[in-house]
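A.B. asks: sharing a model that was predicted from the sequence below.
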Amino acid sequence: MSSIQLECHDIWKKFGGFEALRGVDMDVRKGEILGLIGPNGAGKSTLLNLINGVYSPTKGKILFDSHDTTGKKPHEICRLGIARVFQIPRPFYEMSCMDNVITAIVFNSDADPIKAEKRALELLEFVGMRYPERKPDEITLQDKRRVELARALACEPKLLLVDEYMAGLNPSEIQEAVELLKKVNRELGITLVWVEHVMPAIMGLAERVVVLDHGIKIAEGKPEEVARVKKVIEAYLGSDTAVEA
Ligand SMILES: Nc1ncnc2c1ncn2[C@@H]1O[C@H](COP(=O)(O)OP(=O)(O)O)[C@@H](O)[C@H]1O
Ligand SMILES: [Mg+2]
């Protein structure tokens, strides 16, 4: 079995009096694709926000490659090798897509402008973005996601956190997006922790799945195993329609 790259121990997150995460344990193995699923409001994005330092946990510990990253800032965590693709792309709208990627490269490394430009072109080609000179408001959502992925790859991550990459895409775009995430994992060797609502996509590609509901981990295992767990079916469909596992 491959080694553990990320460890989340007994993670709690409170927003005021509201407990968004309640004692979640999650291990991520080097090189795997781990699917993180659960109903709206389950705490999935919050967990990603804790892993990449947008928030600090109220309680608990996070270790990445044996470094304690609990409470570290996003740019420090990025430098250690964790990048994030946000659900809602956040490019700089006044710059071209190319310049968006160059900015990410320069921010995350000591690359000079010529090297950064070459690398940006490579990354945009890798993600299949054919209009590097366009600005983000001149491209489709699918291309925005590609640029967002290229910006995340600019920090040379070992682990990539992906939040609802498929949301808003049509079926053929989803198929391409699945192939792209697979390529990131297989060709670049990058571990993925991937939150997704498009079930066939995540259940088809993830090797393991963790299920959150109301801030608690209710199941973990191979996709076909968790899909049979009664609590998971209940969390998604409501108890009336659940069948015995
Ligand atoms: N910054 C915040 N302040 C207050 N409540 C929040 C904040 N972020 C998330 N929450 C709450 O925490 C819960 C989990 O949210 P989230 O992690 O976004 O869920 P998911 O991504 O699984 O849909 C929700 O009830 C949400 O309203
Ligand atoms: Mg979310």
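C.D. replies: Thanks, I have it. Ligands and ions are numbered 1, 2, ... in the order given.
A.B. asks: give the buried residues for stretch 216-230.
C.D. replies: For stretch 216-230, a neighbour-count test (16 or more other CB atoms under 10 Å) marks 216-220, 223, 226-227, 229 as buried. (Glycine included, C-beta is placed from N, CA and C.)
A.B. asks: and if you look at stretch 39-49?
C.D. replies: Those would be 42-49, for stretch 39-49 by 16+ other CB under 10 Å.
A.B. asks: what secondary structure does V28 sit in?
C.D. replies: On the three-state scheme (DSSP: H, G, I helix; E, B strand; the rest coil), V28 is labelled strand.
A.B. asks: which residues does it bridge with?
C.D. replies: L6 (DSSP bridges).
A.B. asks: what are the ranges of the strands in the protein?
C.D. replies: Taking DSSP state E as the test, the strands found in the chain are 4-15, 18-29, 33-37, 59-64, 67-68, 82-85, 159-163, 191-195, 208-213, 216-221.
A.B. asks: for the third one, the distance to its chain's centre please.
C.D. replies: The one in question is strand 33-37. Centroid separation for strand 33-37 versus its chain: 9 Å, with CA atoms, centre = their mean, to the nearest Å.
A.B. asks: wait, what's in contact with L169?
C.D. replies: 141-142, 145, 177 (CB atoms under 8 Å, 6 or more residues apart in numbering).
A.B. asks: with E117 instead?
C.D. replies: Residues in contact with E117 (CB under 8 Å, 6+ apart) are 98, 102.
A.B. asks: if we use 6 Å, what do you get?
C.D. replies: E117 sits next to I102 when contact means CB atoms under 6 Å, 6 or more residues apart in numbering.
A.B. asks: and it, what's its pLDDT?
C.D. replies: Note on E117: pLDDT of 95.
A.B. asks: all numbers from here: first residue = 33
C.D. replies: Yep, numbering from 33; the last one is E149 now.
A.B. asks: how much space separates E205 from L220?
C.D. replies: Per CB to CB, to the nearest Å, E205 is found 21 Å from L220.
A.B. asks: the two: who's more crowded?
C.D. replies: E205 (16 against 13; other CB atoms under 10 Å).
A.B. asks: quick check: angle from the worst-scoring helix or strand of the chain on mean pLDDT to strand 248-253?
C.D. replies: Least confident helix or strand of the chain, by mean pLDDT, DSSP states H and E, is helix 262-269 with a mean of 85. Angle of helix 262-269 versus strand 248-253, following axes from the mean of the first three to the mean of the last three CA atoms, to 10 degrees, is 120 degrees.
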